[in-house]
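>>> sharing a model prediction with you, sequence too.
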Amino acid sequence: MKKRFSALLAILLVAVLVFSGCTSETPETTDPSGEDNTSESLNITFVTPLLGNPVWLAAKQGAEDAAAEIGATVTWVGPSDIDMDEQVRQIELAITEQVDGIISCPLSPAIFETVYKDALSKGIVVINTAVDTPEDTRTAYIGTDYVNFGQQAARNLAEQLGGEGEVAVLVTSLDTENQMSELKAGEELLAKEYPNVKIVVVETSNSDTAQAADKTSAIIDTYPELDAIWCLESTSPLGVAQTLQERDMLDKVLVLGIDDTDDVLDLIDQEMIWGTMTQDFYKMGYESVKMIKTVKDGGTVESVQDSGTTLVTKENLEEYKARF
Amino acid sequence: MNNNVKKSKLSQLLQRFDQLGIVLVLIVLMVAVGFKNSVFFSRDNIINVLRSTSYVFIIGIAITYVLITGGLDLSVGSVMAMAGIISAMTAQTGASLLISILIGLLFGFVVGLINGILVVKLNIPALIVTLGMMYIVDGLVLIVTKGSPVYPLPESFKALGQGSVLGIPNIVLIALALALIGAFVLRNTRYGRCVYSIGGNRETARLAGINVNLTQMSVYVLASVSASLAGILMAGRLNSAQPSAGNGYELTVVAAVIIGGTSMFGGSGSIFGTLLGALLMTVIENALLLMKISAYWQSLIVGIIIIFAVGLDQYRRKKYGIG
């Protein structure tokens, strides 16, 4: 089951924060080749893990917008379903074509290390988005910083609750690394800055909307004073909202979701949940291209960059939708 | 004297009650959680438990048949997701509710038929066939949905999954009806006896004039069609067909059936036992949450309770020489 489960997780790229690589130190990195290619326009290949997925289409838009600004060319390739071998083949092809930069998302980092090293040795800039590989296998990484994400989500929730309340948390499973890092960061922030906001229970949904619905029912029965439910995976909000509606408790319990899938945005629009924390895939694409340009011009870039998060509620929903 | 006879009759009856261990554990668990948190017996919570049980139980009824013939079906979780998706997509095109449901069930029928043919005609082990089918249908789910849920669904579809009669959710009523039919067919019809006799001894069954191949194929069709029905109802309830629906259900269902006393090697088992097995699984999960036991401990406790309940029955069977 684990296999099937993780395959699904990978596909549900909305929750695509699988492994956290090097988030502690952020040393500077320079272009290993040191060549100056500024006279020619840059050729960049973006090897997406999924061709048709909305979050990656946002990253593509970001990359193309940045490319238009600097006069570079971005080639968009990748499998139509999760297929990491195909991703690696596309990267090999890009190396043969001697492109200037490669942008990708190494869903299972180990698979990409060899081909990445090969690219680096030929002077190609390699940028990871959303998931990282070890520092010596790529030029730079841009993605969501889990600690930052967890802290911001907890802070938003605490402020909305007026600094007081009981919160239940739903995660996929207790060993989903990124979600547990986010939860830990959020818990620590609450303990320090909002001691009256208490996480009373952490439950698992197995990334299954039906389980999220059933667990929510038991949670609100067990914690009648509950003020909020914080979902750290994106299939939960729909199930949570469904149960709260059935039990006529939509007004009593605040729900904070994650990511910007259609159902989550609709739930915000219908005021069934309060808000969602989204990851900025557009920025990941945009900044990746800019970083390749910087390195190719002989400059230096941060080894690890946080693409940031945005809180979307009813108030900024239309503005957010218009942007993507 | 008379009293003694009565007593021994009662104890005989208890001795013969196959799932006494599970019933005892269920009762102890419910009393314990009821003391700790009376909400357990609230109407809302009981409905929540019954609804969760129903999805597992609807598939469990058919899987009881499969296991009694000595077979296995691991593809039901994936079929559940895919049937929900197919039905939901059909409904989104504006097709009527009935057509949408039938197309979802038809998918289950086809998958079950393929499973059955591969197991019976090509003699491939059921574990391998249905494991392979699990991956294939999983693949279909991802190819069709690209990982995004099918959402939103028409009102009629939602009404089916979310509706209730006299406060009892439709899904619970459907599960109850299927249980009665499933138990009756298994105990009182020629088909039911065929199912048992194939699991007991395939060769003897064949010599007795039973169409072994057809019966064996039919149980796989039953399993897939039941899984499809559960998937369609779940999609209606959640107002969306989720690619991750049914995730892990194959194990939960098979576990519920075996906990309920159905033999893994075929030949014996009952629908009532499966109901108890499915109830035990859901009640444990619900009870642990209501008793405020940390999620970190839940898996461990679930494992202990299951082994204890089934162990109790096995011990009794051995002691009294039943089964």
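Thanks, I have the structure now.
>>> what residues are up against residue B:277?
Contacts for residue B:277 (C-beta atoms under 8 Å, 6 or more residues apart in numbering or on different chains) come out as B:22, B:60, B:255-261. Any C-beta I mention is one placed from the backbone N, CA and C, and that applies to glycine too.
>>> which among the residues you listed gets closest to chain A?
Ranked by distance to chain A (C-beta to the nearest C-beta), these are led by residue B:255 at 11.9 Å.
>>> ok, and the closest non-adjacent residue to the closest one?
residue B:281 (6.7 Å; C-beta to C-beta, 6 or more residues apart in numbering or on different chains).
>>> likewise residue B:288?
Once flanking residues are discounted, residue B:288 sits nearest to residue B:298: 4.9 Å by C-beta to C-beta, 6+ apart.
>>> what's near enough to touch the one you found?
Contact criterion C-beta under 8 Å, 6+ apart gives B:285, B:288-289 as the residues in contact with residue B:298.
>>> any idea how far chain A is from residue B:289?
Residue B:289 is 4 Å from chain A, where distance means C-beta to the nearest C-beta, to the nearest Å.
>>> kindly confirm my reading that that residue is in a helix.
Yes. Secondary structure of residue B:289 (DSSP: H, G, I helix; E, B strand; the rest coil): part of a helix.
>>> if we ignore the residues flanking it in sequence, what's nearest it?
Sequence neighbours aside, residue A:218 is the residue nearest to residue B:289 in space, at 4.4 Å (criterion: C-beta to C-beta, 6+ apart).
>>> from chain B, which residue is nearest to chain A?
Here chain B gets closest to chain A at one residue, residue B:147, 3.7 Å apart by C-beta to the nearest C-beta.
>>> tell me the SS of that residue?
Strictly by three-state DSSP, residue B:147 counts as coil.
>>> could you do residue A:49 as well?
Using three-state DSSP, the secondary structure recorded for residue A:49 is coil.
>>> okay, it: pLDDT?
According to the predicted model, the pLDDT of residue A:49 comes to 86.
>>> domain parsing for chain A?
Per the record's domain assignment (automatic domain parsing), chain A is made up of the domains A:15-144+A:280-307, A:146-279.
>>> least reliable of the ones you listed going by mean pLDDT?
Per-segment mean pLDDT for those reaches its minimum on domain A:15-144+A:280-307, at a mean of 82.
>>> residues in contact with the residue nearest to residue B:289?
Neighbour list for residue A:218: B:45, B:48, B:286, B:289-290 [criterion: C-beta under 8 Å, 6+ apart].
>>> mind redoing it with 10 Å?
Taking C-beta atoms under 10 Å, 6 or more residues apart in numbering or on different chains as the contact definition, residue A:218 lies against A:201, A:203, A:243, B:39-40, B:44-45, B:48-49, B:52, B:285-290.
>>> my read: residue B:201 touches residue B:266, true?
Yes. Under the criterion of C-beta atoms under 10 Å, residue B:201 is in contact with residue B:266, at a separation of 9.3 Å.
>>> who's more crowded, the two?
The neighbour comparison of residue B:201 against residue B:266 (other C-beta atoms under 10 Å in any protein chain shown) goes to residue B:266, with 22 against 14.
>>> residues touching that one, list them.
Contacts were defined as C-beta under 10 Å, 6+ apart; by that measure residue B:266 touches B:66-72, B:195-202.
>>> restricted to helices, list these.
B:66-68, B:195-200, B:202 (DSSP state H).
>>> starting at the chain centroid, how far to stretch A:128-146?
Here the centre of mass of C-alpha atoms in stretch A:128-146, compared against the chain's by C-alpha atoms, centre = their mean, to the nearest Å, lies 12 Å away.
>>> quick one: end-to-end distance for it.
16 Å (C-alpha to C-alpha, to the nearest Å).
>>> which positions within that stretch qualify as buried?
Of the residues in stretch A:128-146, A:128-133, A:135, A:137-146 count as buried by neighbour count, 16 or more other C-beta atoms under 10 Å in any protein chain shown.
>>> quick revisit: quick check: pLDDT value at the residue nearest to residue B:255.
Confidence per residue is given as pLDDT, and for residue B:281 that number is 91.
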